[in-house]
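[1] quick check, what structure comes out for this input:
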Amino acid sequence: MSHPSFTLSGGLLRHIFDHSRDAVLVVDAQQMLVLDADQNACRMLGYQRDEIIGQALANIECSLEDVFFWDSVRSTILADGNAIAESEWITRIGITFPIEKRVSSYLENGREFFVIHAEDITHRRTVAEGQVHLAAQLQSSLDATAEGILSVDLHGNIINLNQRFTLMWNLPDDLFASRDEVQMFAYLRAALLETDSFFESMRKIRDDPNLETEDLLALKDGRYFVCVSKPEFLRDRRVGRVFSIRDITQMKEAECSLVMARDAAEQASKEKSRMVEALLVSESRLRRLVNSSLIGIMQGQMEADLTEANDVLLQLAGMQRQEFAESGMNWLLATTLESHAAHRNALLEVRSYGQAKPYEGELIRNDGAHIPVMVGLAQLEGSLEEWVGFVLDLTEQRKADRIKSEFISVVSHELRTPLTSIRGALGLLESGVTGELAPKSMQLIKVAHKNCQRLGALVNDILDMEKLASGKMVINIERFDLVTVTRQAMEANSNYAQALNVRYRIVCHPDQAWAMGDNVRVMQVFANLLSNAAKFSPAGREVEIRISEFSGVYKIEVQDFGPGIPVAFREQIFKKFAQADGTNTRQQGGTGLGLNITKTFVEKMGGEIGFLTEDGKGTTFWFTLLAAVQRREDRLT
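    Residues are numbered from 1 along each chain as shown. Presented below is the predicted three-dimensional model:
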């Protein structure tokens, strides 16, 4: 019986077209223009049908790989009439989303069309990424376990093995990468001292796949492993087997040692009892020693929670032992906000170096009082996450420092006025205002005047040191011409140099060097460096000064050609009251404070200071200042 032929109407074709599960686009193969789109495509892209028709496909696709895809489609004949690829589409409002497209070609009246069936694969990708993330987490968990793990499928093919398994068996890289089960088990067999029992278990597993086994493996290198194997199930369906390997070498060694020491067990037990008693006594003594210390001692974790604290620290914090036992203490909560950064930096040093430089902070007592403390941290031996800290109460030290500071300030100021009068009077006597003096009297006046000047310099240096230590020294950072200030410093110190038969000479410098700093303090820096260079220069020689610029910084060098700095003194040269031993050095005088003050001034202006020296050839002191922004008028002056 013949069936009547039936031709699909345009309406029916449109119904099929619009009710396809996929988004469908019809594209002109030559111009790549959209000729038609179904409802799914319009809804996915956010267009009305009449808005999307006539648009270039390139306005919808936004993946660079689409260019190569369409070139490939045009240049090759589709093997099965379809080409499949993943791409990205962009909606009318600019939102991109991934799709999978299947492209077929259609030829009618000599004109070629591409029919694109597209599926939004956003959910699929999210699920796939989740599975990848879950697989990565599982692999990380496997790698983190202390046991070696090897899993195989029902056919014995290796599915996975963790890093611990590789390290335990010392697997070669090529074998680890290939995961060839035949070569793998051959390698394991070769490493075993005795293989019969283990491979007997393998035979039993083949006979009974649901069997669980546990075998002791002795290796040729003297190690012992315990191998446990269990079937692996997925939704009540067996999918493979997992082998878990645990290294019990130390346990076996301990077991052997116990067997060897069996005859002396009773004596060992007694010795152990004596050791426990001694340990308890030692622990008790140590605890009494810690609690009787004058220093607070604490033990904490990286999160700043304290696990132990001695009585000194608890008294310092105003906390009872019972309160500490019940609620504990967090070091960051027990200190001021200004102390937190220093504590965190100290913890970073502990992680890197095992200990940290002491830092100063403030402890907040339970009654709200702030106590200045010095804290030192060190890593607790045998632990990566715990540290031990030592807390020193600085209250009395701060009081003493304040009293000392006030004393120095008062004494220095009280000395300055009479010293000024004495120095002026001696200067007048030395200049002959009161008439000519006898040679011996004049010699005494000169000695007294010189020593008075040195004492005045010492008082001024002490006052500067006190201002710097108390933070009262004002540093006015402004823009100034470094070349001009250098020449002024040379002129201001020229009389001192002439008295020593030394001359200053600037050997190289830019025409202008606009720098940032306090030009008054820079003059003091020059005064110290130039006077030092003159003191230690041989008579008749020059002190050379150089100014150079690099990377937005000016470098100033003061070079003398004297004996150089002794090796033993080089590390102390910038410390307070530092002077090298030796007759020549002591003859030159000085307070030992100048270079320390100079270093402080330079660093407060944002620069650095240092020196280069060589025995018998001289010393070059250098310091740096930040370069200022150049202005148009600088080039006109």
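[2] which residues does Gly552 contact?
    Gly552 makes contact with Leu626, Ala627, according to Cβ atoms under 8 Å, 6 or more residues apart in numbering. For every residue, glycine as well, the C-beta is placed using N, CA and C.
[3] so Tyr504: helix, strand or coil?
    Three-state assignment for Tyr504 (DSSP: H, G, I helix; E, B strand; the rest coil): strand.
[4] from here on, count from 27
    I'll keep to 27 as the first residue from here, and by that count the last item is Tyr530.
[5] per-residue pLDDT, it?
    Looking at Tyr530, its pLDDT stands at 95.
[6] could you report the distance from it to Asn521?
    Here Tyr530 is placed at a distance of 11 Å from Asn521 (Cβ to Cβ, to the nearest Å).
[7] and these two? Which one has more around it.
    Remark: of Tyr530 and Asn521, Tyr530 carries more neighbours, 24 against 8, as counted by other Cβ atoms under 10 Å.
[8] doesn't Glu568 make contact with that one?
    Yes. The pair Tyr530 / Glu568 is scored as a contact, 7.2 Å apart, by Cβ atoms under 8 Å.
[9] from Asp179, how far off is the nearest residue to Gly182 once chain neighbours are set aside?
    Setting aside the residues directly before and after it, Gly182 is nearest to Glu207 in space (Cβ to Cβ, 6 or more residues apart in numbering), at 5.4 Å. Here the criterion is Cβ to Cβ. By it, Glu207 lies 10 Å from Asp179.
[10] out of the two, which sits in the busier spot?
    Counting neighbours by other Cβ under 10 Å for Glu207 and for Asp179 shows that Glu207 has the greater number, 16 against 13.
[11] how about the more buried one, what does it touch?
    Counting by Cβ under 8 Å, 6+ apart, Glu207 makes contact with Val178, Gly182, Asn183, Ile184.
[12] for those, give me a markdown table that also has distance to Gly453.
    Converted to a markdown table, the contacts of Glu207 look like this (distance: Cβ to Cβ, whole Å):
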| residue | distance to Gly453 |
| --- | --- |
| Val178 | 101 |
| Gly182 | 106 |
| Asn183 | 103 |
| Ile184 | 98 |
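[13] just those: which are in strands?
    When DSSP state E is applied, these are split such that Val178, Ile184 fall in strands.
[14] of the contacts of Glu207, which is the most crowded?
    Val178 (21 neighbours).
[15] just the strands in the stretch 327-476 of the chain please.
    Taking DSSP state E, counting those that start in this stretch, the strands of the stretch 327-476 of the chain run over residues 331-335, 355-356, 385-390, 396-405, 412-419.
[16] mind putting those in a markdown table, mean neighbour count and distance to Thr510 included?
    Written out in a markdown table, the entries for the strands of the stretch 327-476 of the chain read as follows (neighbours: other Cβ atoms under 10 Å; distance: least, Cβ to Cβ, whole Å):
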| stretch | mean neighbour count | distance to Thr510 |
| --- | --- | --- |
| strand 331-335 | 16 | 58 |
| strand 355-356 | 16 | 56 |
| strand 385-390 | 18 | 41 |
| strand 396-405 | 18 | 44 |
| strand 412-419 | 19 | 49 |
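[17] so Met542 sits against Met631, correct?
    Yes. Taking Cβ under 8 Å as the contact criterion, Met542 and Met631 are neighbours in contact, 7.4 Å apart.
[18] any shared contact partners between these two?
    Common neighbours of Met542 and Met631 are listed as Ile503, Leu651, Leu652 (criterion: Cβ under 8 Å, 6+ apart).
[19] out of everything not next to it in sequence, what's closest to the last one?
    Okay, so that is Leu652. Leu652 sits nearest to Met542 (Cβ to Cβ, 6+ apart), 4.6 Å away.
[20] and the helix or strand hosting that neighbour, what does it pack against?
    Here Met542 sits within strand 540-543, counting by DSSP states H and E. Packed against strand 540-543, as judged by 3 or more Cβ pairs under 8 Å, 6 or more residues apart in numbering; DSSP states H and E, are the following elements: strand 504-507, strand 644-652.
[21] any regions of the stretch 527-663 of the chain where pLDDT drops low?
    Regions of the stretch 527-663 of the chain meeting the criterion pLDDT under 70 cover residues 603-618, 658-663.
[22] show me what contacts Tyr385?
    Tyr385 makes contact with Ser365, Ala368, His369, Asn371, Ala372, Met400, Val401 under the criterion Cβ under 8 Å, 6+ apart.
[23] leaving out chain neighbours, which residue sits closest to it?
    Once its chain neighbours are removed from consideration, Tyr385 has its nearest residue in Ala368; the separation is 4.0 Å (Cβ to Cβ, 6+ apart).
[24] isn't the one you found up against Lys383?
    No. Counting by Cβ under 8 Å, no contact exists between Ala368 and Lys383, whose distance comes to 9.7 Å.
[25] which one's more surrounded, those two?
    Here Ala368 and Lys383 are set side by side on neighbour count (other Cβ under 10 Å), and the busier one is Ala368, at 17 against 11.
[26] got the contact list for that one?
    Here Ala368 is in contact with Tyr385, Glu386, Gly387 (criterion: Cβ under 8 Å, 6+ apart).
[27] what residues does stretch 343-357 touch?
    Under the criterion Cβ under 8 Å, 6+ apart, residues 324, 326, 330-333, 335, 337, 340, 360, 369, 389, 391-393, 395, 415 lie in contact with stretch 343-357.
[28] where exactly do the helices run in the stretch 177-326 of the chain?
    Assignment of helices within the stretch 177-326 of the chain using DSSP state H, counting those that start in this stretch yields the ranges 189-195, 199-204, 207-217, 222-233, 275-286, 291-317.
[29] residues in contact with the first one?
    Outside of helix 189-195, the residues within contact range by Cβ under 8 Å, 6+ apart are 169, 171-176, 197, 202, 213-214, 217, 251, 271, 273.
[30] any low-confidence regions in the stretch 77-226 of the chain?
    Going by pLDDT under 70, which is the cut-off in play, the stretch 77-226 of the chain has low-confidence ranges at 103-107, 160-170.
[31] ditto for the stretch 277-426 of the chain
    If you take pLDDT under 70 as the line, the stretch 277-426 of the chain has these spans: 291, 294-295, 299-319.
[32] 50 - rerun?
    Where the stretch 277-426 of the chain drops to pLDDT under 50, the residues are 312, 315-316.
[33] on that earlier part again, output the contacts of Tyr385 in JSON lines, with distance to Gly450 appended to each entry.
    Written out in JSON lines, the entries for the contacts of Tyr385 read as follows (distance: Cβ to Cβ, whole Å):
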{"residue": "Ser365", "distance to Gly450": "50"}
{"residue": "Ala368", "distance to Gly450": "49"}
{"residue": "His369", "distance to Gly450": "54"}
{"residue": "Asn371", "distance to Gly450": "52"}
{"residue": "Ala372", "distance to Gly450": "53"}
{"residue": "Met400", "distance to Gly450": "46"}
{"residue": "Val401", "distance to Gly450": "51"}
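[34] show me those residues that map onto helices.
    When DSSP state H defines the helices, the subset of those inside them is Ser365, Ala368, His369, Asn371, Ala372.
[35] from Gly380, how far off is the spatially most central residue of the chain?
    Averaging the C-alpha coordinates of the chain gives a centre point, and the residue nearest to it by Cα atoms, centre = their mean is Leu374 (7.8 Å). Leu374 sits 12 Å away from Gly380 when distances are taken as Cβ to Cβ.
[36] perfect, that will be all.
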